[in-house]
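Q: take a look and give me a structure for this.
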Amino acid sequence: MSRTDAVTLVAADGARFSVVGGATCIEFLYTGGLGERARWETLHGPRDLAAWASASQLIRGSVPPEGVEVGPADLAEAIALREVLWRSINRLADGQPVAEADVDALNAVAARPDLAPRLSAGVVAVASPVTAARVLASVARDAVALAGGPLAARVRRCAADDCALVFVDTSRPGARRWCAMSRCGNRDKARTRRRREAGHDRDE
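A: Residues are numbered from 1 along each chain as shown. Got it, this is the predicted structure:
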């Protein structure tokens, strides 16, 4: 399973904040989804999927977006895989195993050829062809590794009542509560402070 760096998200109020998802498959969830998650949607067309792939931990910018082969069918498959991941990761966050149908779906995508590494000028790059199908296979394999590995028990949902973001708690103590301390953590602190101040005023 891949570890990840922070990614920048934009909240509904326009505020930008950084989140460490802890796994590439979880970072893929941050691109949006169905229902209320549609407000986060960034995969509006094939070019958007190519841009995400290029910037992801799978490729790390070693291949520009125009070098990622993506077609309309790939976008539909990406969105379908994202829904499988959403259900699966949330079940892990609830301490439940992945549903059998979603296990089958993940395994089917993970069984396809994925991105292959290659050594180029002393650094790790990605071998051609770089296709959306290989990207999605790599995402699915990352999810399989997460769900079947020791970090499955570290999948968390943000503790904020109004935030549905999930993440892998890779901290040593395993006590991470927030998707981002700079956003949900600080908002909780502000609410707690206001409640204390309101209680203090009533006591006077």
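
Q: low-confidence regions, the chain specifically.
A: 1-4, 185-186, 188-204 (pLDDT under 70).

Q: which stretches of it form helices?
A: 24-29, 46-55, 72-93, 100-110, 132-147, 186-203 (DSSP state H).

Q: could you single out the most deeply buried of those helices?
A: Comparing the helices of the chain by mean neighbour count (mean count of other C-beta atoms under 10 Å), helix 24-29 ranks first with a mean of 25. Quick note: C-beta positions are derived from backbone N, CA and C, even for glycine.

Q: who are the packing partners of that one?
A: Other elements packing on helix 24-29 under the criterion 3 or more C-beta pairs under 8 Å, 6 or more residues apart in numbering; DSSP states H and E are helix 72-93, helix 132-147, strand 166-168.

Q: relative to helix 46-55, how tilted is the second one?
A: It stands for helix 132-147. 50 degrees (axes from the mean of the first three to the mean of the last three C-alpha atoms, to 10 degrees).

Q: give me the distance from helix 132-147 to the chain's centre.
A: 12 Å (C-alpha atoms, centre = their mean, to the nearest Å).

Q: give the other helices and strands that it contacts.
A: Partner elements for helix 132-147 (3+ C-beta pairs under 8 Å, 6+ apart): helix 24-29, helix 46-55, helix 72-93, helix 100-110.

Q: how about R112, nearest residue that isn't a chain neighbour?
A: Among residues not flanking R112 along the chain, A137 sits closest, at 4.3 Å (C-beta to C-beta, 6 or more residues apart in numbering).
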